[in-house]
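A.B. asks: Pasted the sequence and its predicted model underneath.
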2 protein chains.
Amino acid sequence: MSSVNEQAPATRMKAEDRRELVLAAATAVFGERGYFGATTDAVAKAAGVSQPYVVRMFGTKEALFLAVLTRALDRLLGAFRVALAGDGPAHPDGSAAPHRGLGAAYAELLADRGLLLSLMHGFILGSDTEIGACARAGFLQVYRFLREDAGFSADEVHEFLAEGMLLNTLVGIRMAVDYDTDPAARELLDTALPTKAEFLLALEGQRKPQA
Amino acid sequence: MSSVNEQAPATRMKAEDRRELVLAAATAVFGERGYFGATTDAVAKAAGVSQPYVVRMFGTKEALFLAVLTRALDRLLGAFRVALAGDGPAHPDGSAAPHRGLGAAYAELLADRGLLLSLMHGFILGSDTEIGACARAGFLQVYRFLREDAGFSADEVHEFLAEGMLLNTLVGIRMAVDYDTDPAARELLDTALPTKAEFLLALEGQRKPQA
DNA sequence: GTCTATAGGATGATAGAC
DNA sequence: GTCTATCATCCTATAGAC
């Protein structure tokens, strides 16, 4: 393989590939600091390109954030659809229908921490005209998917979403840094974890260095 | 009553009163735009004082935000304690113990929209050293209160918190603006509302002008 | 206790070369 | 397709008067 990496003076690349690369970087940055806290420069550095180029590609910072939200939503629904199709050798004991599968799919998304957190940041910026509209539309899209395609009842969707928002919050607050030092944090996380494996994976690196 | 109001050249006032006034204003502003999105100038305007004075009172913007978070936590726990004491003529039919009371208390806090939303913004900024530490400590304080003082089981706390995070999210995303135009939004809100009265109160003014 | 003026430091966006 | 240079704006924080 050629020794080309991201920090070199920018290897030429097809627009679409570079776009995806920047979107991934932006997802991470927006996930950590939110829309206002993230800078286009931080995104650029994370993607290994120049700041003006990031702006050039998406027009404005806001457009970039909207693109991140849209991409995150697509992935979320995509993962749900795959889980729903579920032809794989899941739980052949015919346990609680789609719940398990979708919950697990959601937990897997936690691996890309920025994805769910960018969404979360978008969700609580409802008072912003553009971002708010995008966030509401996305949230409702998920709601409809669960209700119609996954066949949840209104109460089931409600419970599923509540669970999801708590999970997002726990990841965002980095509750895992207190896992080893605070019994309450440990109990909370142990209770909240859907599939321990995936969740711990997502939290890896958040724990405090030592006890 | 004297015709003194907030936009006059700043009537002299005891420090503590002005501090509370600024904290209330800051809570509203941080609730809408989050830590990074809010400016000390916006807080100052909302409080009817000058921007440098806001900074002077709290030292830094970050210190102001931490003060807002601490105050919000205090109010939250205060409301919970009152609800728990619950000597009032609540549900004398001895229905589901503290759950109802605490849920209602939480719903009432929604009236001060900025309060819960400022907390929410703090919660998802866990990667910020100072804010994250404050947020985690606060969240765990609530957890312990529910677990120890309110006597919830680990599962009950978990469910209660999940419900709360969903509520916060729905307020933050302003789902109510779609209440009259989107069936999904309506169903979601109808299902999620704890005590319809309080919640609708909190959402008042969020709905779209017309259908 | 509170303000005006302003320094100093980002940051988003544009212009234009390669 | 991608960068360097740079402008204009905004924003936190300080200095100092009243």
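C.D. replies: All right, it came through fine.
A.B. asks: burial measure for A:A133, as a count.
C.D. replies: 15 (other CB atoms under 10 Å in any protein chain shown). Bear in mind the C-beta positions are built from the backbone N, C-alpha and C, glycine included.
A.B. asks: Following element in sequence after the strand or helix carrying it, please.
C.D. replies: Following DSSP states H and E, one finds A:A133 within helix A:129-144. Downstream of helix A:129-144, the first helix or strand assigned by DSSP H and E is helix A:154-172.
A.B. asks: what packs against the helix holding A:A133?
C.D. replies: Using 3 or more CB pairs under 8 Å, 6 or more residues apart in numbering or on different chains; DSSP states H and E, the elements in contact with helix A:129-144 are helix A:61-85, helix A:113-123, helix A:154-172, helix B:183-192.
A.B. asks: So for it, mean pLDDT?
C.D. replies: What helix A:129-144 shows for mean pLDDT is 98.
A.B. asks: circling back: tell me the most buried of the helices and strands packed on helix A:129-144?
C.D. replies: The highest average neighbour count among the helices and strands packed on helix A:129-144, using mean count of other CB atoms under 10 Å in any protein chain shown, belongs to helix A:113-123 at a mean of 25.
A.B. asks: From the contact counts, what lies against that helix?
C.D. replies: helix A:15-37, helix A:61-85, helix A:129-144, helix A:154-172, helix B:154-172.
A.B. asks: now with 6 Å?
C.D. replies: Using 3 or more CB pairs under 6 Å, 6 or more residues apart in numbering or on different chains; DSSP states H and E, the elements in contact with helix A:113-123 are helix A:15-37, helix A:61-85, helix A:129-144, helix A:154-172.
A.B. asks: How about the third one and DNA strand C, any contact?
C.D. replies: When you say that, I think you mean helix A:129-144. No: using CB under 7 Å from any atom of the strand, helix A:129-144 never reaches DNA strand C; the gap is at least 11.6 Å.
A.B. asks: For that helix, buried residues please.
C.D. replies: A:131-132, A:134-136, A:138-140, A:142-144 (16 or more other CB atoms under 10 Å in any protein chain shown).
A.B. asks: May I ask which two of those are separated the most?
C.D. replies: By the measure CB to CB, A:I131 and A:R144 form the most distant pair in the buried residues of helix A:129-144, at 20.4 Å.
A.B. asks: residue contacts, A:A154?
C.D. replies: B:187, B:191 (CB atoms under 6 Å, 6 or more residues apart in numbering or on different chains).
A.B. asks: Show me which helix or strand of chain A is least confident by mean pLDDT.
C.D. replies: Least confident helix or strand of chain A, by mean pLDDT, DSSP states H and E, is helix A:196-203 with a mean of 59.
A.B. asks: of the buried residues of helix A:129-144, closest to DNA strand C?
C.D. replies: Nearest to DNA strand C among the buried residues of helix A:129-144: A:I131, at 13.2 Å, using CB to the nearest atom of the strand.
A.B. asks: what does chain A put close to chain B?
C.D. replies: Counting by CB under 6 Å from any CB of the partner chain, chain A comes close to chain B at A:32, A:34, A:36-37, A:120, A:123-124, A:126-127, A:132, A:135-136, A:139-140, A:143-144, A:154, A:158, A:161-163, A:165-166, A:169, A:172-174, A:178, A:184-185, A:187-188, A:191-192.
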